[in-house]
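Student: Sequence first, then the predicted structure, then my questions.
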Amino acid sequence: MLNLGILISGRGSNMESILKSIKRKKIPINPSVVISNRRDAKGLKIAEKLGINTEVIESKSFEGNREDYDKKIISVLKKHGVTPDNGLVCLAGFMRIISPQFVKKFKNRIINIHPALLPSFTGLNAQKQALDYGAKYSGCTVHFVDAGMDTGPVIIQAVVKIKENDTEESLSKRILKEEHRIYPEAVNLIARNKVKVFGRKTIIS
Ligand code: GRF
């Protein structure tokens with residue numbers, strides 16, 4: 001069984017949906033640790049309540065050195081049994097860019113959720129970008145993390161229709177609902193070894 005590490009920075013609602021789904025839907029993965037780069041992340045309390053180990057690795061002392069920071073993350077993941085061989089790392093609102101060294105070491109072992117239909121609207125404020133662009137549909141994407149920004153192979157996407165009177169808040173809320181559905185689904189597929197990666201493409205069996 002894979003060991004799961006979840007990296008957060010804030011609210012942690014995707015983390016919560018994954019952790020709850022593991023119990024409820026019997027996803028065969030061992031939730032090993034939740035790591036936050038911020039001590040005040042609300043998600044930490046939720047993880048503690050759910051009985052999951054938590055760790056805080058503040059970036060302050062690593063200012064400007066992403067590789068050293070990520071080395072620390074890798075060592076803490078390892079401490080909790082999350083390794084490239086038997087681990088999966090979920091980025092769940094983790095507001096840091098992962099170093100190429102981390103990505104390389106955990107090739108196809110790190111996944112992320114992005115609140116847009118990639119490759120559209122990468123980066124921050126994806127919901128606002130979709131609204132400002134005048135898109136009629138947006139949604140969310142779970143993808144493997146590669147060295148680029150929101151560019152790795154897509155695992156699952158969900159479509160959300162944009163309404164004429166949508167605000168950033170109302171659209172974000174509907175997208176979030178879909179995030180909470182597809183992120184645990186992606187974790188389940190990977191836990192059951194049902195996702196194969198061929199270049200940019202994934203095949204789900
Ligand atoms: C989500 O919208 C996710 O798509 C994005 O950051 C947000 C995190 O929210 N990457 P939460 O911390 O999971 O509640």
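Tutor: Right, received. Where do you want to start?

Student: Am I right that Asn112 is in a strand?
Tutor: Yes - Asn112: assigned to a strand according to DSSP: H, G, I helix; E, B strand; the rest coil.

Student: Let me know the pLDDT of it.
Tutor: Listed pLDDT for Asn112 reads 98.

Student: Now for it: which residues touch it?
Tutor: Contacts for Asn112 (Cβ atoms under 8 Å, 6 or more residues apart in numbering) come out as Cys90, Leu91, Phe94, Val142, His143, Phe144, Val145, Asp150, Gly152. Where you see a C-beta, it was placed from the backbone N, CA and C, and this is true even at glycine.

Student: just checking, the fifth one is part of a helix?
Tutor: Which is His143. No - using three-state DSSP, the secondary structure at His143 is strand, not a helix.

Student: before we move on, the earlier item: present the contacts of Asn112 as JSON lines; the columns should include neighbour count, distance to Lys72 and pLDDT.
Tutor: Output for these, formatted as JSON lines (neighbours: other Cβ atoms under 10 Å; distance: Cβ to Cβ, whole Å; pLDDT from 0 to 100):
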{"residue": "Cys90", "neighbour count": "27", "distance to Lys72": "18", "pLDDT": "99"}
{"residue": "Leu91", "neighbour count": "21", "distance to Lys72": "16", "pLDDT": "98"}
{"residue": "Phe94", "neighbour count": "23", "distance to Lys72": "14", "pLDDT": "97"}
{"residue": "Val142", "neighbour count": "25", "distance to Lys72": "26", "pLDDT": "98"}
{"residue": "His143", "neighbour count": "22", "distance to Lys72": "25", "pLDDT": "98"}
{"residue": "Phe144", "neighbour count": "23", "distance to Lys72": "23", "pLDDT": "98"}
{"residue": "Val145", "neighbour count": "24", "distance to Lys72": "18", "pLDDT": "98"}
{"residue": "Asp150", "neighbour count": "18", "distance to Lys72": "24", "pLDDT": "95"}
{"residue": "Gly152", "neighbour count": "23", "distance to Lys72": "23", "pLDDT": "98"}
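
Student: How about the contacts made by the closest residue to the ligand within the chain?
Tutor: Minimum separation of the chain from the ligand (Cβ to the nearest ligand atom) falls at Gly93, amounting to 2.7 Å. By Cβ under 8 Å, 6+ apart, the contact list for Gly93 reads Ile8, Ser9, Gly10, Arg11, Gly12, Ser13, Asn14, Met15, Gly43.

Student: so what's the second one up against?
Tutor: Under the criterion of Cβ under 8 Å, 6+ apart, the neighbours of Ser9 are Ser36, Asn37, Arg38, Ala41, Gly93, Phe94, Met95, Arg96.

Student: Let's see that with 6 Å instead.
Tutor: Asn37, Arg38, Ala41, Gly93, Phe94, Met95 (Cβ atoms under 6 Å, 6 or more residues apart in numbering).

Student: ok, now how distant is the spatially closest residue to Ala135 that is not a sequence neighbour from Leu189?
Tutor: The shortest distance from Ala135 to any non-neighbouring residue, by Cβ to Cβ, 6 or more residues apart in numbering, is to Ile162 (6.0 Å). Distance, Ile162 to Leu189, using Cβ to Cβ, to the nearest Å: 27 Å.
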